Structure formats: C-alpha cells, structure tokens
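Participant: here's a sequence, model it:
(one chain, ligands or ions: 2)
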Amino acid sequence: MEAVKEHRSTKSGVSSDEAIIEIKGLKKSFGSKEVLRNINLTVTKGENIVVLGKSGQGKSVTIQCIVGMLTPDAGSVKVFGKEVSELNDEELKDLRTHIGFLFQSGALFDSMTVRENLEFPLTRVLKLKDQNEIDQRVNEILEGVGLPEAAEKMPSDLSGGMRKRIGLARTLIVKPEIMLYDEPTTGLDPITSREISQLILEMQKKYKTTSIIITHDMECARITADRVVVMNDGEYIAEGSFDDLQHSDNQFVKSYFSDSI
Ligand SMILES: Nc1ncnc2c1ncn2[C@@H]1O[C@H](COP(=O)(O)OP(=O)(O)OP(=O)(O)O)[C@@H](O)[C@H]1O
Ligand SMILES: [Mg+2]
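Facilitator: Ligands and ions are numbered 1, 2, ... in the order given. Reported below is the predicted structural model:
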C-alpha cells in the first residue's frame, strides 16, 4: 500500500473519522478460484471511495459481501459497526434499507411510469402512506437529478442517460446513508457520463452519503473520488487521492492512469 493519508477531507465538506464500512482481511473463493485474497478498506462518513481494477477482479463480489448477498470465507465486514455475516434475516433487511445499490442496468420497472417507479420504494420500503409526502419526495428527487419533466413518462420513452438518472433517483429517494455504485457510467456517452459523475458528487454533498463507486471510467473517478483504491490479484495494491495515484511510481498503477493524464 502506498500514499495512505492521515487526514481525510471530502468533496462534500463532511470530514469525519467515523467508520461506516470496515473491511479487514476479507477472503472469498468460488470453488478453487480465489477471488478476494486480502481486502482491507475503511470508508469514513461522507467519503466517496472509487475502486479501480481490471474485469473479474472481484470488485462486485466485495460489494455483495457488504450487503450480505455473499458470505466471506474469512475476515470481517462491518457496516455501521456490525458484522454483516452475523446479522439475522430481519437485521439484514433493516441494514439494506440504509444502503442504496445502483445496478449497472438501472433496473426500472418498464410497465410503470417514472413517478410510479419512484413511489415504489417509498411505499414498499419506507411504508409511507401520506400521498402529499410521497408527492413531495418524488418531485424533490426529480428536481435533484434534473428531470422534473419526466414524471409521467414511461422508461421506454427515456434515453439511456435519463434512465440512469431515474435509476439513481429511485435509489436515492429513500435517502440511503450508504450508496454503492457498480459502474454507474458504463455504456453512456462521455458527456452523459460526466453529467452522471457530477450528479453522484452533488448527491454526496446534498445527502451526505458515504459511497463506494466501482468504475472503469477515469473521468468518473477523477470527478467523484475523495480516495481511490486500485485492486489487483484480490488485494488493494494502492490507495490515495486521484492526484497522488496519477503520479504513482508503481508501474501497474501508472499504466492505469497513463491515458488520463
Ligand atoms: N456467485 C458467484 N459464483 C461463482 N463465481 C462468482 C460469483 N460471483 C462472482 N464470481 C466470480 O468471481 C470473479 C470476480 O467477479 P466480479 O463480478 O466481482 O468481478 P469484477 O471485478 O466486478 O469485474 P467487472 O469489472 O467485469 O465487473 C469472477 O471470476 C466471477 O466469475
Ligand atoms: Mg463488476
């Protein structure tokens, strides 16, 4: 590991030592395939961590361990100070209401309007009943992602970038304390990608969320990261700010950043 900074400041202005996610010595294999060999990461409140790494390295597997979809073979994964693998079904369900997970596809319900898509987590997850409150939150989040005019549209009427925004809105509408973004800009053109990256940053500022952002998009990493970790062979081999890592002496890290300088 290199360039570990003592003081952590964030783009959101929130600066705290409170560990929201703490991963120590995490190992995970599938059959004889050792995917995660030794993952160590502490994410403090309000921080945006970007995870870089080649395909098939186990970036998504790590996220699945955080939300309890996969159980580690060894090591510790604590979220809000609690060991995830020790939570019962009820506690796990409760934990997940505090975590927003942006899937690559956006995963909107195609038969529902944008408004209905956004109401769904409010009525199903938060069990809200007051229609005024529901309307207010839907309108606020649509403003937040810059698409107030999209409320009555169907997902099929939206562009890929707009769908991504609505997917983000649907995740953020429950005001999760943790956001996990798995390749949020994949498949988007550079301009829309930049808009989504800026939106992730705005959401961090507005809602003070703690986020892990997995991406292959260096522009997205540059815009959103307070701290970047680089994954290789089942471990994080470097950690630091985007600027620090851009000037790293490590050949592997260098090769990652060489196109973006
Ligand atoms: N549930 C599973 N069962 C068996 N193998 C799995 C499972 N989930 C992931 N793997 C394997 O673990 C490895 C890491 O997968 P993962 O999806 O985490 O990679 P990644 O770093 O997210 O890659 P990408 O950048 O392509 O998304 C892959 O070899 C994958 O086939
Ligand atoms: Mg992945």
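
Participant: from now on I want contacts and neighbour counts done on CA atoms only, so please keep to that.
Facilitator: Noted.

Participant: I39 sits in which helix or strand?
Facilitator: strand 33-44 (DSSP states H and E).

Participant: I should have written E116 there, sorry.
Facilitator: Using DSSP H and E, E116 falls in helix 114-124.

Participant: cool, V61 as well?
Facilitator: Going by DSSP H and E, V61 is part of helix 59-66.

Participant: mind giving me the packing neighbours of the helix or strand following that helix?
Facilitator: Proceeding N to C from helix 59-66, the next assigned helix or strand is strand 74-79, under DSSP H and E. Judged by 3 or more Cα pairs under 8 Å, 6 or more residues apart in numbering; DSSP states H and E, strand 74-79 is in contact with strand 19-30, helix 59-66.

Participant: could you identify which of those is most buried?
Facilitator: Of the helices and strands packed on strand 74-79, the one with the most neighbours on average (mean count of other Cα atoms under 10 Å) is helix 59-66, at a mean of 20.

Participant: gap between that one and the chain center?
Facilitator: 11 Å (Cα atoms, centre = their mean, to the nearest Å).

Participant: just the angle between it and strand 19-30, please?
Facilitator: Counting by axes from the mean of the first three to the mean of the last three Cα atoms, to 10 degrees, helix 59-66 lies at 120 degrees to strand 19-30.

Participant: packing partners for helix 59-66?
Facilitator: Helix 59-66 packs on strand 74-79, going by 3+ Cα pairs under 8 Å, 6+ apart.

Participant: which other residues reach stretch 84-94?
Facilitator: 66-68, 71-72, 77-78 (Cα atoms under 8 Å, 6 or more residues apart in numbering).

Participant: show the end-to-end separation of it, please.
Facilitator: 11 Å (Cα to Cα, to the nearest Å).

Participant: which parts of it are buried?
Facilitator: 84-85, 92 (16 or more other Cα atoms under 10 Å).

Participant: again, but for stretch 182-201
Facilitator: 182-185, 192-197, 199-201.

Participant: any chance of the residues you listed in TSV, plus secondary structure?
Facilitator: Putting the buried residues of stretch 182-201 into TSV (DSSP: H, G, I helix; E, B strand; the rest coil) gives the following:
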residue	secondary structure
D182	strand
E183	coil
P184	coil
T185	coil
T192	helix
S193	helix
R194	helix
E195	helix
I196	helix
S197	helix
L199	helix
I200	helix
L201	helix
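
Participant: which residue is the nearest non-sequential neighbour of the closest residue to ligand 1 within the chain?
Facilitator: Going by Cα to the nearest ligand atom, ligand 1 is nearest to G58 of the chain, at 3.0 Å. Of all residues not flanking G58 in the chain, V35 sits nearest, at 5.8 Å (Cα to Cα, 6 or more residues apart in numbering).
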